[in-house]
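A.B. asks: sequence? don't have it. structure:
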């Protein structure tokens, strides 16, 4: 074997994702990891089965804890995030819920950005009712995070770009604060994806991705992931059970999460969904370049129209966190939102769109629109929405890969009608 074959070259993002499966032993020379539907895995040697169960050697135990198709996706996500390991879940919320199920205990305290995906906000409210104290703060300024830290603060949780108002967390300075205090820093990277940003660069210990969104990219599979960046010292985390302390320090967090959150609570990603997501991930960079370009063009057009009261997009120079966006992200993302002038009914406007589809997903190839206050944030009530800066006329747009001129023309004609 030549030296170049023995030590593969260091490739770029898309090349690595495209060829990752075949760098391993893939059945019959398949270019994609095949879909393994079996939920049980047999061993010719009973001692080897015991060794796998005890974590002494790699292998598959039962489908709820992973299988070869899901394992291949986990390896792909780890490469994308430059992590040491990944666990995939049935949904993005399954991944976030695993943080509570696997790592937190009654009496703990967490700090969360107040600018959150609606279901994440709902989950933290549930967690607060089960003995874990939660402080919601404006995470666009690290001082707000620091002000509520306590001796029993176990975790700081932020999103990179908030859904739907696009606030950008003070990511680097919060990371520095967590490093200094020895606190686990968890960053939800869904709105940026590992193509636009790697949270490891700002000190995140764990990274969340909803694979349903841009990574899968085609609206045909649910999935979520937690990636360990290798930066957090698990030896200092108080809630690692004794049996997981037998693992190398770097592996203790994921070992406990896989057992206590994935195995025990059962939010396992199916192999068919894992296959769809893995194939979709191959074009992530290509799709993000197009959707980010479309989003910026649409945001600029709407911002210049007097019938639009406000546009929220980190790629605009007018955005409060535009400076952070330019420093940390490749682009401003594919999510934006805007508010219509008071005399324009948001429902009538949405009904006039021909390309923008009223739907609640994000990160699809098609442009999706939704009236936020009346749908995904309705349960919060008017007072909570107001505290998050969500106007009653706010329209969220997940920008797709349509031809730019067609997209702009559609949003313009809906205003002109």
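C.D. replies: Happy to help now that I have it. No experiment lies behind these values; they were computed from the predicted model shown.
A.B. asks: Mind naming the longest helix for the chain?
C.D. replies: In terms of residue count, the longest helix belonging to the chain (DSSP state H) is helix 284-303.
A.B. asks: tell me which element residue 410 is part of?
C.D. replies: With elements taken from DSSP states H and E, the one containing residue 410 is helix 404-416.
A.B. asks: Counting by contacts, list what that helix packs against.
C.D. replies: helix 284-303, helix 346-352 (3 or more C-beta pairs under 8 Å, 6 or more residues apart in numbering; DSSP states H and E). Glycine gets a C-beta too; all of them are placed from N, C-alpha and C.
A.B. asks: Mean neighbour count, these: which tops it?
C.D. replies: Greatest average neighbour count among the helices and strands packed on helix 404-416 goes to helix 284-303 (a mean of 20), per mean count of other C-beta atoms under 10 Å.
A.B. asks: how many degrees apart are that one and helix 404-416 in direction?
C.D. replies: Counting by axes from the mean of the first three to the mean of the last three C-alpha atoms, to 10 degrees, helix 284-303 points 30 degrees away from the direction of helix 404-416.
A.B. asks: Which stretches in this protein count as strands?
C.D. replies: Ranges of strands in the chain, per DSSP state E, are 85-89, 109-113, 133-137, 153-159, 184-188, 206-210, 224-228, 308-312, 335-340, 357-358, 368-371, 394-398.
A.B. asks: Adding mean neighbour count, write those out as TSV.
C.D. replies: TSV is the format used below for the strands of the chain (neighbours: other C-beta atoms under 10 Å):
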stretch	mean neighbour count
strand 85-89	26
strand 109-113	24
strand 133-137	19
strand 153-159	24
strand 184-188	26
strand 206-210	28
strand 224-228	29
strand 308-312	20
strand 335-340	24
strand 357-358	15
strand 368-371	22
strand 394-398	26
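A.B. asks: Mean pLDDT and distance to residue 382 added to those strands, as a markdown table?
C.D. replies: Shown next, in a markdown table, are the strands of the chain (pLDDT from 0 to 100; distance: least, C-beta to C-beta, whole Å):
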| stretch | mean pLDDT | distance to residue 382 |
| --- | --- | --- |
| strand 85-89 | 98 | 33 |
| strand 109-113 | 98 | 21 |
| strand 133-137 | 96 | 17 |
| strand 153-159 | 98 | 23 |
| strand 184-188 | 98 | 26 |
| strand 206-210 | 98 | 27 |
| strand 224-228 | 98 | 30 |
| strand 308-312 | 97 | 18 |
| strand 335-340 | 97 | 15 |
| strand 357-358 | 94 | 22 |
| strand 368-371 | 95 | 14 |
| strand 394-398 | 96 | 13 |
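A.B. asks: can you list the ones you listed in a markdown table and add distance to residue 175?
C.D. replies: Listed next are the strands of the chain as a markdown table, based on distance: least, C-beta to C-beta, whole Å:
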| stretch | distance to residue 175 |
| --- | --- |
| strand 85-89 | 20 |
| strand 109-113 | 13 |
| strand 133-137 | 15 |
| strand 153-159 | 9 |
| strand 184-188 | 6 |
| strand 206-210 | 12 |
| strand 224-228 | 15 |
| strand 308-312 | 24 |
| strand 335-340 | 22 |
| strand 357-358 | 37 |
| strand 368-371 | 31 |
| strand 394-398 | 27 |
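A.B. asks: If you count neighbours, what's buried in stretch 45-56?
C.D. replies: Going by neighbour count (16 or more other C-beta atoms under 10 Å), the buried part of stretch 45-56 is 52, 55.
A.B. asks: Which residues outside it are in contact with it?
C.D. replies: Residues from elsewhere that reach stretch 45-56 (C-beta atoms under 8 Å, 6 or more residues apart in numbering): 43, 57-61, 246-247, 255.
A.B. asks: Which single one of the residues you listed is nearest to residue 139?
C.D. replies: Proximity of those to residue 139 (C-beta to C-beta) peaks at residue 255, which lies at 29.2 Å.
A.B. asks: what's around the closest one, how many residues?
C.D. replies: The tally of other residues near residue 255 (other C-beta atoms under 10 Å) stands at 23.
A.B. asks: I'd like the distance between it and residue 235.
C.D. replies: 13 Å (C-beta to C-beta, to the nearest Å).
A.B. asks: next one: residue 18
C.D. replies: Applying C-beta to C-beta, the value for residue 18 to residue 235 is 37 Å.
A.B. asks: The two: which is more packed in?
C.D. replies: More neighbours surround residue 18 than the other of residue 18 and residue 235, with 16 against 10 (other C-beta under 10 Å).
A.B. asks: For the more buried one, which residues are in contact?
C.D. replies: Residues near residue 18 by C-beta under 8 Å, 6+ apart: residue 282.
A.B. asks: pLDDT wise, what is it at?
C.D. replies: Looking at residue 18, its pLDDT reads 87.
A.B. asks: Residue 336 reaches residue 297, doesn't it?
C.D. replies: No. Under the criterion of C-beta atoms under 8 Å, residue 336 makes no contact with residue 297, lying 10.6 Å away.
A.B. asks: from what I can see residue 196 touches residue 333, true?
C.D. replies: Yes. Between residue 196 and residue 333 a contact is recorded at 6.4 Å, counting by C-beta under 8 Å.
A.B. asks: Can you check which residues contact both of those two?
C.D. replies: Residues touching both residue 196 and residue 333 (C-beta under 8 Å, 6+ apart) are residue 292.
A.B. asks: And those two? Which one has more around it.
C.D. replies: Here residue 196 and residue 333 are set side by side on neighbour count (other C-beta under 10 Å), and the busier one is residue 333, at 29 against 24.
A.B. asks: what's the spacing between that one and residue 327?
C.D. replies: 15 Å.
A.B. asks: Residue 246 now?
C.D. replies: Note on residue 246: its distance to residue 327, by C-beta to C-beta, is 41 Å.
A.B. asks: Which residues are in contact with the nearest residue to residue 316 once chain neighbours are set aside?
C.D. replies: Excluding the flanking residues, the one nearest residue 316 by C-beta to C-beta, 6 or more residues apart in numbering is residue 299, at 5.4 Å. Contact analysis of residue 299 by C-beta under 8 Å, 6+ apart lists 311, 313, 315-316, 332, 336, 338.
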